[in-house]
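Peer 1: sequence and predicted model, in that order:
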Amino acid sequence: MRRPVRTLRPLAWAAVALVPLMGAGCGGSGGDGGGTTALGPETAFVTTTDFTTGSYFTIDLADLTPSADLPSTTGIIESDNSAAYHDGKVYVINRGNFSNITVLDTADLTEAVSQFSTGNGTNPHAMAFVSDTKAYVSLYGADYILIVDPTDQGNEIKGQIDISAFADADGIPEASPMVIVDGKLFVAVQRLDRDSWFAPTDASYVVVIDTTTDEVVDVDPSTPDVKDPIVLTGTNPQFMRYDEALGKIVVSETGSYGAQDGGLETVDPATYQAEGFFVTEEALGGDVGDFALVEGTRGYAVVTLPTWANDVAVLEKGDAGWEVTGTLGMSGAFIPCLALDSTGRLLVPDRTDDNPGVRIFDADGEVTTEPIRSGEGSLPPNVIVVF
């Protein structure tokens, strides 16, 4: 029996000990940034972690059957991980001190095709693809964007794009999510103060880069001496996707944790205008995390409540705009990200201690009767990409 979507109600959960990792993110298709997938059959690639070690497994989305844990050799995936997919390849992004990217072929996910370093301490966060032979990597610990050719084994790094002009006083811009729209790379830079526990500073930006010239685009030619970025309404952008139905880039801006000063904002990729929040954290009742929109009329957003418990808010777009209509009624455990399949079903990694796994919802409620995992004792899910 399906579990229905819960109507909006006051939420009072016990506090959980796990604090969301700074800059934690979900995987995506990279080139379009929206997680767009071909029509089925489809597979979900799920990374797992207990923040000490990592693994991964797959889910056949036709019958919801999981594989066993797949890595057959060490070093493919680490405890701080993300993932991206492009054209038959899965890219495991090993973050933090690991700072490397493992390339896997979907024909055999048990062995690495290659692995390359992004540089000691650079902390890669996301990938965006122009083609099979050209991609960009955002680096949370450096002041530049990498240009890479993932197919050129041993010589993957092809160049750098300097974004130091967009850093705050500590010199690091904290570049994280990226999308490519109409030949332009949009890079969200958080501009957090590393000397004050990564607190937001005065503003966060979206930097625009021309993928033909690899030059930063000046979004405001009226100030010719400065290459201006897009200034976001809020701060601390954590997630960003291009939504084809809306024709807009959607940005999740968390701001300061516990302050309810952020929300979901649209950015027009043609005019380079940040258009303000269409859903606020005040309406959500907590800090916004990842999000997913379906056909421009229905959506979901991860919410971290003041107790640190997590749920997923259900959003509907009506004549008066977007409103929060309910929640999915999650366990309260940390939800790192969200993903959609091509039918609009929502995949949610539920990291609850006693029954972790991937839960799947459609417009009518929960499709899964039990969270999907690779087996008893498997690590909790972290990031999901669909292909």
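Peer 2: Nice, thanks for sending it over.
Peer 1: tell me the pLDDT at residue 11?
Peer 2: Residue 11 carries a pLDDT score of 33 in this model.
Peer 1: what does the one 5 residues further on give?
Peer 2: On pLDDT, residue 16 comes in at 30.
Peer 1: with residue 32 instead?
Peer 2: Model confidence at residue 32, given as pLDDT, is 40.
Peer 1: which parts of the stretch 151-300 of the chain are helices?
Peer 2: Per DSSP state H, counting those that start in this stretch, the stretch 151-300 of the chain has helices spanning 281-284. These are given in chain order.
Peer 1: leaving out the residues flanking it, which one is nearest to residue 280?
Peer 2: Ranked by Cβ to Cβ, 6 or more residues apart in numbering and with sequence neighbours excluded, the top spatial neighbour of residue 280 is residue 263, at 4.1 Å. (C-beta placed from N, C-alpha, C; glycine too.)
Peer 1: hang on, the one you found packs against residue 284?
Peer 2: Yes. Residue 263 is within contact range of residue 284, at 7.5 Å (criterion: Cβ atoms under 8 Å).
Peer 1: thinking again about what came up before, ok, what's across the strand from the residue nearest to residue 280?
Peer 2: Judged by DSSP bridges, the bridge partners of residue 263 are residue 253, residue 280.
Peer 1: ok, now residue 116?
Peer 2: Going by DSSP bridges, residue 116 is paired in beta bridges with residue 101.
Peer 1: quick one: it from residue 151, how far?
Peer 2: Taking Cβ to Cβ, to the nearest Å as the measure, residue 116 falls 11 Å from residue 151.
Peer 1: over to residue 42?
Peer 2: If you measure residue 42 against residue 151 using Cβ to Cβ, the figure is 24 Å.
Peer 1: burial count for residue 314?
Peer 2: Taking other Cβ atoms under 10 Å as the criterion, the count of residues near residue 314 is 22.
Peer 1: contact partners for it?
Peer 2: The neighbours of residue 314, taking Cβ atoms under 8 Å, 6 or more residues apart in numbering as the test, are 5, 298, 299, 300, 324, 325, 326, 327, 328.
Peer 1: in which helix or strand would I find it?
Peer 2: Mapping residue 314 onto the secondary structure by DSSP states H and E places it in strand 310-318.
Peer 1: next, the buried residues of that strand.
Peer 2: Of the residues in strand 310-318, those with enough neighbours to count as buried (16 or more other Cβ atoms under 10 Å) are 310, 311, 312, 313, 314, 315, 317.
Peer 1: check stretch 106-121 too.
Peer 2: The neighbour-count criterion (16+ other Cβ under 10 Å) identifies 109, 112, 115, 116, 118, 119 as the buried residues of stretch 106-121.
Peer 1: next: stretch 376-385.
Peer 2: In stretch 376-385, counting by 16+ other Cβ under 10 Å, buried: 378, 379, 380, 381, 382, 383, 384, 385.
Peer 1: so can I have TSV of those residues showing pLDDT?
Peer 2: As requested, the buried residues of stretch 376-385 are exported to TSV (pLDDT from 0 to 100):
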residue	pLDDT
378	93
379	96
380	97
381	98
382	98
383	98
384	98
385	97
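Peer 1: so the next helix or strand after the strand holding residue 314 versus strand 310-318, what angle?
Peer 2: Proceeding N to C from strand 310-318, the next assigned helix or strand is strand 321-327, under DSSP H and E. What separates the directions of strand 321-327 and strand 310-318 is an angle of 140 degrees, with axes from the mean of the first three to the mean of the last three Cα atoms, to 10 degrees.
Peer 1: strand 321-327 packs against which elements?
Peer 2: If contacts are counted by 3 or more Cβ pairs under 8 Å, 6 or more residues apart in numbering; DSSP states H and E, strand 321-327 sits against strand 6-7, strand 273-280, helix 281-284, strand 310-318.
Peer 1: would TSV of those with mean pLDDT and distance to residue 63 be doable?
Peer 2: Formatted as TSV, the entries for those read as follows, by pLDDT from 0 to 100; distance: least, Cβ to Cβ, whole Å:
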stretch	mean pLDDT	distance to residue 63
strand 6-7	46	27
strand 273-280	98	34
helix 281-284	98	34
strand 310-318	97	24
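Peer 1: just so I know, which of the ones you listed lies nearest residue 255?
Peer 2: helix 281-284 (7.1 Å; Cβ to Cβ).
Peer 1: give me the contacts around that closest one.
Peer 2: Applying Cβ under 8 Å, 6+ apart, the set of residues contacting helix 281-284 is 254-255, 260-263, 287-288, 301, 303, 313, 323-324.
Peer 1: ditto for stretch 58-78
Peer 2: For stretch 58-78, the external contacting residues (Cβ under 8 Å, 6+ apart) are 40-48, 53-57, 92, 94-96, 98, 102, 104, 109-112, 115, 341, 345, 358, 360, 367-368, 372-375, 378, 386.
Peer 1: all strands of the stretch 251-387 of the chain, in order?
Peer 2: In order along the chain, the stretch 251-387 of the chain carries the following strands (DSSP state E, counting those that start in this stretch): 263-268, 273-280, 287-294, 298-304, 310-318, 321-327, 339-340, 346-350, 357-362, 365-366, 381-386.
Peer 1: just name the most buried of those strands.
Peer 2: When the strands of the stretch 251-387 of the chain are scored by mean count of other Cβ atoms under 10 Å, the highest mean neighbour count falls to strand 381-386 (a mean of 27).
Peer 1: and it, C-alpha only, in CSV?
Peer 2: Below are the C-alpha coordinates for strand 381-386, written out as CSV (Å, rounded to 0.1, in the frame of the first residue of the first chain):
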residue,chain,number,x,y,z
PRO,A,381,22.9,6.4,0.6
ASN,A,382,24.5,9.7,-0.2
VAL,A,383,24.2,10.8,-3.9
ILE,A,384,22.0,9.6,-6.7
VAL,A,385,22.4,10.0,-10.5
VAL,A,386,20.0,8.6,-13.0
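Peer 1: pull up the pairing partners for that strand, direction included.
Peer 2: Applying DSSP bridges, strand 381-386 is found paired with strand 43-49 (antiparallel).
Peer 1: excluding chain neighbours, what is closest to residue 323?
Peer 2: Sequence neighbours aside, residue 316 is the residue nearest to residue 323 in space, at 6.1 Å (criterion: Cβ to Cβ, 6+ apart).
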